[in-house]
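Enquirer: Here's my sequence, what's the structure:
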Amino acid sequence: MQRDRWTGLAGVFLVVVLALILSGCTTTGSKIPEKEAYTIGSLGPAGGLVFFDKGDASGGWQYMEAAPADTEMLARWGTTGLEVDTSVDLGSGEANTKELVEQDPAWNETAAVYCTNLMAGGYNDWFLPSKEELALLFSSLARTNRDTFRGEGFAYWSSSSYDGERAWAQGFSNGVQGKVEKEELLVVRAVRVF
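Expert: Modelled structure (predicted):
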């Protein structure tokens, strides 16, 4: 009889614990935290500015974050004459960067390698943005947060190649995108997705 009573109490306890877990509560009554939402211009997890929200976490990410301003540097895009198959599209910067690092024999001096090796805000998953990602970075942040970007006379590299001699870059004072010789020194601003 004593054993049956303990078995019954254990069963009731188990049901209560399961009900609390399924309702999202812990034994202290607090809710399980929801995923944090970010807005354009807010600080991301790595301390950079969020510049894109695609609306859902499809493909394993929802937001794009630019690296903090103090990580910017001048670098060349890559080796002149190197034909690399890259994309200009949104979401292609990470794959472009990996391809550039693998293909360029002058790997230790390029914008893509800098981004790949960057450790900022405790994260090392940075990459050089594609042409369209760079355009979003400009339109979302540069117009309102000019103090976080270099001004007049400076252009930023994308990871999108145009041909063997040139790659796409963007001016951040006027937003103009153009094809620049790969050996030129331009500003590099890494981005990441999360």
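
Enquirer: hey, let's count contacts and neighbours off CA atoms from now on
Expert: Noted.

Enquirer: what are the phi and psi values for the residue nearest to residue 52 when sequence neighbours are not counted?
Expert: With sequence-adjacent residues excluded and distances taken as C-alpha to C-alpha, 6 or more residues apart in numbering, residue 52 is closest to residue 64, at 5.1 Å. Here the main-chain torsion angles of residue 64 (degrees, to the nearest 10) amount to phi -120, psi 140.

Enquirer: give me phi/psi at the closest residue to residue 108 other than its chain neighbours?
Expert: Nearest residue to residue 108, sequence neighbours excluded (C-alpha to C-alpha, 6+ apart): residue 114, at 7.9 Å. Residue 114 adopts backbone torsions of phi -60, psi -50, taken as degrees, to the nearest 10.

Enquirer: confidence score at residue 114?
Expert: Residue 114 carries a pLDDT value of 96.

Enquirer: go on, residue 175?
Expert: For residue 175, pLDDT reads 87.

Enquirer: do the same with residue 99
Expert: The model reports residue 99 with a pLDDT of 94.

Enquirer: Distance of it relative to residue 113?
Expert: Separation of residue 99 from residue 113 (C-alpha to C-alpha, to the nearest Å): 11 Å.

Enquirer: Neighbours of the residue nearest to residue 108, how many?
Expert: 24 (other C-alpha atoms under 10 Å).

Enquirer: repeat for residue 153
Expert: With other C-alpha under 10 Å as criterion, residue 153 counts 9.

Enquirer: quick one: contacts for it?
Expert: By C-alpha atoms under 8 Å, 6 or more residues apart in numbering, residue 153 lies in contact with 171, 173.
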